[in-house]
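[1] A structural model of the following input is requested.
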Amino acid sequence: MNRDYPLQSVRNFGIIAHIDAGKTTTSERILYYTGMTHKIGEVHEGDTVTDWMEQERERGITITAAAITCFWNPTYMKGVTGADGKPDVSKKVRFNIIDTPGHIDFTVEVKRSLRVLDGAVVVFDGVAGVEPQSETNWRYADDGKVPRLCFINKMDRMGASFERSYKSILERLNKKAVRFQMPIGLEGEHSGVIDLLQMKAYKFEGEMGDKIVEIEIPADLAEEAKKHHAELIEKIVEHDDAAMTSYLEGKIPSIPELKAITRKAVLTNEMFPVFTGSALKNIGVQLVLDAVVDYLPSPLDIPPIKGIDPRTGDEVIRHADDSEPFCALAFKLQNDPFVGALTFFRVYSGKIEAGTYIYNSSTGKRERLGRIVRLQADKREEVKTVFSGEIAAAVGLKDALTSHTFCDEENPIVLEVIKFMEPVVSLRIEPKTKADQEKMGMALRKLGNEDPTFKVTSNQETGETIISGMGELHLEIMVDRMKREFTVEANVGEPQVAYRETILGTAEAEHKYIKQTGGKGQYGHVRLNLKPLEPWPEGEKIPKTVHRFDDFEFVNSIKGGVIPNEFIPAVEKGVHEAMDRGIVAGYKMVNISCELTFGSYHDVDSSEIAYKIAASQAFQDACKRAKPVILEPIMKLEVVCPEKYIGDVNGSVASKRGLIEGQNQKGVNVSIIAKVPLAEMFGYTTQLRSMTSGQGSAMMEFDHYEVVPNNVAEAIKEKRK
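    Numbers count the residues shown, from 1 in each chain. Next comes the predicted model:
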């Protein structure tokens, strides 16, 4: 079976933004204008397509990334006919869109979606401009080198300002953002947009703004539009030497030439076009879709995917081509109430048919791919074949997890795994009844497979089950899902902070583990050197004797075989286990470099278990002398409130060991930025509402770990006893 549309006519992109900037409202308009729905769903009415979970509709926020497939015929092709006199649909473009959450607790959805998407539309609130989660999402997109368009939304809101929002993008995100449009009117008078490239103005009429009407540029905006048009042309021609030469000679390139230059600049992240409008009032969304077609990449425009051949360790490259060996990345798991386990995957090369076998190179297992579905948020459309450049979901795969690579068994490849953040908040959870006990274990396992930032552990000493996540809301949603989707009733304890431990100094320790039991004994002897972990010098290759992870490094410096090679992994394992138990208060240890420098062995008595115990003991002894400390998560806090409450908010932040870093004007409100320990922030939203008569809002995201003050460390140790 062959594909029914060319690969250059595919756009895989995400809608990303801070919470409440209007992502879901924009997605609903896209579905309507592309003909996928016949009614626009509204967040405030709880009937949107992409926010389909009960928890999303109740809270009016997006929790899980929703995938949508639709087709768009650019507005400039409407009414264009081919040689046969029929409408020309040769320019029809297939969109695979992911609407992502804006709340920081569900930021994992943005991170993993950006890994498999080729482009993104970043939505901004026209009143607030750049907000904390806008910066986080922008950073994720920078990490993945994802080309972006900007859409300054909500131009109809009280206090909206295109200039202020545009300036915040330039100052806080990237100076390469370039305005391609300007709004006609603001707040209640917002009625259309001016296209600065073509110097045309548009109004959006009809019941849902689906009738685009070209109008004269309003006289009061003509001069300003001319000025910005000239600036835009200059910024575009800067990216092409021939166009620049022509421009300096007084010749302005044609619109198709300017669009081609812009496309090239956007694909290399040298330009970020900025558009504007109001999704809620149906203004400007179709022109953003045209820009997606004109400027965002198709799978052919992105660099080929690189991976490792698991048999040889060599680098392998796969191109977006149906004739190449099959290669795909699983980026999301979801429990569907109707079809069961769904595994979302992005195909990078080759094609795969339903009913065939796929090879999971991350586990080394083969699995039958029974059914493949294309998702319309909560609805499913069964497909027989998935081609390169497409996003689809497999039904019923048993061993697949997020970040696993699917490929052709004859041509194996392992793609780079997606790295996720460590959880920072924990809760104790216990089933209400005996009947809930078994169901709870299964429910937690499934939820943990779906969300890599949701961790489930058990406290060996107390036998308690601990769930950990990115924030209070994250854990609240997980407990709620467990109750509704898996009918498990559970009691939960107070939120706990995920403290960590580390060392500030260096130390050496040696330990011999000798045990004689009459028969074969146990013998293990190691000497370890510990020091704080430092960044690896850029550009330097990591030698094979160094095992390096994000927060730990193990260096094997054994010379002359004083410890046989087969026992070295046991030493590393012993150190790992000791790190999990901690030294000061039993929290996991991080950011440590451990070097194995010396030891000895016994021909008969040496064993893996003996070296594991010796290493664990030596590690603990060294840690005690290497200035061990407790680390606590520090959150970046943004409070937005009316000016008259600034004093109260600043006082409350200071009382929570917080450090205020600055404040900005946001329309009629003031935004206060601070760094505050997470331990002090539980229940802060309720306090803030009471302090600001319900007019203040707070947004927190994890920033970094920091050493806790001595008096706090003592209190933590006392509590852990």
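
[2] which residues of the protein score low on pLDDT?
    Where the chain drops to pLDDT under 70, the residues are 1-2, 4, 37-66, 76-91, 101-109, 337-339, 375-379, 459-463, 518, 667.

[3] and the longest strand for it?
    strand 628-642 (DSSP state E).

[4] can you give me the angle the helix or strand following that strand makes with strand 628-642?
    Note on strand 628-642: by DSSP states H and E, the next helix or strand toward the C-terminus is helix 646-655. Put simply, helix 646-655 runs at 170 degrees to strand 628-642, going by axes from the mean of the first three to the mean of the last three CA atoms, to 10 degrees.

[5] re the thing from before, quick one: buried residues of the longest strand of the chain?
    Using 16 or more other CB atoms under 10 Å as the burial criterion, the residues of strand 628-642 that qualify are 628-641. All C-beta spots, glycine's among them, are computed from the backbone N, C-alpha and C.

[6] Listing partners with orientation, what would you give for it?
    Strand pairing for strand 628-642, using DSSP bridges, gives strand 500-503 (antiparallel), strand 669-677 (antiparallel), strand 697-707 (antiparallel).

[7] what's next to the following helix or strand past the second one, contact-wise?
    Read that as strand 669-677. Using DSSP H and E, the next helix or strand after strand 669-677 towards the C-terminus is helix 684-691. Residues outside helix 684-691 that contact it (CB atoms under 8 Å, 6 or more residues apart in numbering): 639, 641, 645, 648, 649, 652, 656, 696, 697, 698.

[8] Recalculate using a threshold of 6 Å.
    Outside helix 684-691, the residues within contact range by CB atoms under 6 Å, 6 or more residues apart in numbering are 648, 696, 698.

[9] List only buried entries from those residues.
    The neighbour-count test (16+ other CB under 10 Å) marks 696, 698 as buried among the contacts of helix 684-691.

[10] about what we covered before: check the strands paired with strand 628-642 for me and report the most buried one.
    Ranked by mean neighbour count, these are led by strand 500-503 with a mean of 23 (mean count of other CB atoms under 10 Å).

[11] Give the next helix or strand downstream of that one.
    Counting by DSSP H and E, the next helix or strand C-terminal to strand 500-503 is strand 507-515.

[12] buried set for that following strand?
    Across strand 507-515, burial judged by 16+ other CB under 10 Å covers 507, 508, 509, 510, 511, 513.

[13] before we move on, what about stretch 464-482?
    465-479, 481-482.

[14] what do you get for stretch 302-313?
    302, 305, 307, 308, 310.

[15] Any idea how far apart the tips of it sit?
    Distance across stretch 302-313, first residue to last, is 24 Å (CA to CA, to the nearest Å).

[16] In the stretch 1-150 of the chain, mark out all the strands, start to finish.
    Listed in chain order, the strands of the stretch 1-150 of the chain (DSSP state E, counting those that start in this stretch) span 10-17, 66-72, 93-99, 119-125, 148-153.

[17] Kindly reformat the strands paired with strand 628-642 as TSV containing distance to residue 290.
    Converted to TSV, the strands paired with strand 628-642 look like this (distance: least, CB to CB, whole Å):
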stretch	distance to residue 290
strand 500-503	48
strand 669-677	33
strand 697-707	32
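
[18] For residue 199, grab the count of nearby residues.
    Here the number of neighbours of residue 199 (other CB atoms under 10 Å) works out to 15.

[19] Now it. Its backbone dihedrals?
    Dihedral pair for residue 199: phi 50, psi 50, per degrees, to the nearest 10.

[20] Skipping adjacent residues, who's closest to it in space?
    Of all residues not flanking residue 199 in the chain, residue 229 sits nearest, at 5.5 Å (CB to CB, 6 or more residues apart in numbering).

[21] If residue 629 is in a bridge, with which residues?
    Residues in a beta bridge with residue 629, per DSSP bridges, are residue 502.

[22] Wait, it touches residue 707, no?
    Yes - counting by CB atoms under 6 Å, residue 707 is a contact partner of residue 629 at 4.9 Å.

[23] Which residues are in contact with the spatially closest residue to residue 700 that is not a sequence neighbour?
    Using CB to CB, 6+ apart and skipping residues adjacent in sequence, the residue nearest residue 700 is residue 635, 4.5 Å away. Residue 635 sits next to 676, 678, 700, 703 when contact means CB under 6 Å, 6+ apart.

[24] let's see 8 Å
    675, 676, 677, 678, 681, 700, 701, 702, 703.

[25] Skipping adjacent residues, who's closest to the second one in space?
    Ranked by CB to CB, 6+ apart and with sequence neighbours excluded, the top spatial neighbour of residue 676 is residue 658, at 3.7 Å.

[26] Wait, that neighbour touches residue 673, no?
    No - using CB atoms under 8 Å, residue 658 makes no contact with residue 673, being 10.5 Å away.

[27] Now for the two: what residues contact both?
    Counting by CB under 8 Å, 6+ apart, the contacts common to residue 658 and residue 673 are residue 637.

[28] if we can go back for a sec, how near is the residue nearest to residue 199 to residue 243?
    Applying CB to CB, to the nearest Å, the value for residue 229 to residue 243 is 16 Å.

[29] Report how many residues lie close to residue 549.
    With other CB under 10 Å as criterion, residue 549 counts 10.

[30] try the one 10 residues further on
    Around residue 559 there are 7 other residues, counting by other CB under 10 Å.

[31] which stretches of the stretch 301-450 of the chain form strands?
    Under the criterion DSSP E, counting those that start in this stretch, the stretch 301-450 of the chain carries strands at the ranges 305-308, 315-318, 327-336, 340-349, 351-353, 357-360, 365-368, 371-376, 379-383, 385-387, 391-395, 405-407, 414-415, 425-431.

[32] Highest mean neighbour count out of those?
    Comparing these by mean neighbour count (mean count of other CB under 10 Å), strand 405-407 ranks first with a mean of 26.

[33] How about residue 669: what's its closest non-neighbour residue?
    Nearest to residue 669 is residue 640, by CB to CB, 6+ apart, at 5.1 Å.

[34] Thought residue 673 was touching the one you found, still the case?
    No - if you go by CB under 8 Å, residue 640 and residue 673 don't touch, sitting 10.3 Å apart.

[35] Show me the residue sitting in the middle of the chain in space.
    Most central in the chain under CA atoms, centre = their mean is residue 111, positioned 1.4 Å from the mean C-alpha point.

[36] Count the neighbours of the closest residue to that residue other than its chain neighbours for me.
    Leaving aside its sequence neighbours, residue 111 sits nearest to residue 140 (CB to CB, 6+ apart; 5.2 Å). Applying other CB under 10 Å, we find 19 other residues in the vicinity of residue 140.

[37] Residue 531 too?
    Residues lying near residue 531 (other CB under 10 Å) number 18.

[38] What residues does it make contact with?
    For residue 531, the contact set (CB under 8 Å, 6+ apart) comprises 503, 505, 506, 592, 593, 595, 626.

[39] what about it, helix or strand, and which?
    Short version, using DSSP H and E: residue 531 is in strand 522-532.

[40] The closest residue to residue 134 other than its chain neighbours: what's it in contact with?
    Of all residues not flanking residue 134 in the chain, residue 18 sits nearest, at 4.7 Å (CB to CB, 6+ apart). Shown in contact with residue 18 (CB under 8 Å, 6+ apart): 102, 124, 125, 128, 131, 132, 133, 134, 137, 699.

[41] Just those: which are in helices?
    Using DSSP state H, the subset of the contacts of residue 18 located in helices is 132, 133, 134, 137.

[42] wait, doesn't the second one sit right on residue 638?
    No - checked against CB under 8 Å, the pair residue 133 and residue 638 is beyond contact range at 9.3 Å.

[43] anything in contact with each of those two?
    Each of residue 699 lies in contact with both residue 133 and residue 638 under the rule CB under 8 Å, 6+ apart.

[44] State the pair within the contacts of residue 635 that is farthest apart.
    677 and 701 (13.9 Å; CB to CB).

[45] next helix or strand past the top helix by length along the chain?
    The longest helix of the chain (DSSP H) is helix 219-237. Note on helix 219-237: by DSSP H and E, the next helix or strand toward the C-terminus is helix 241-248.
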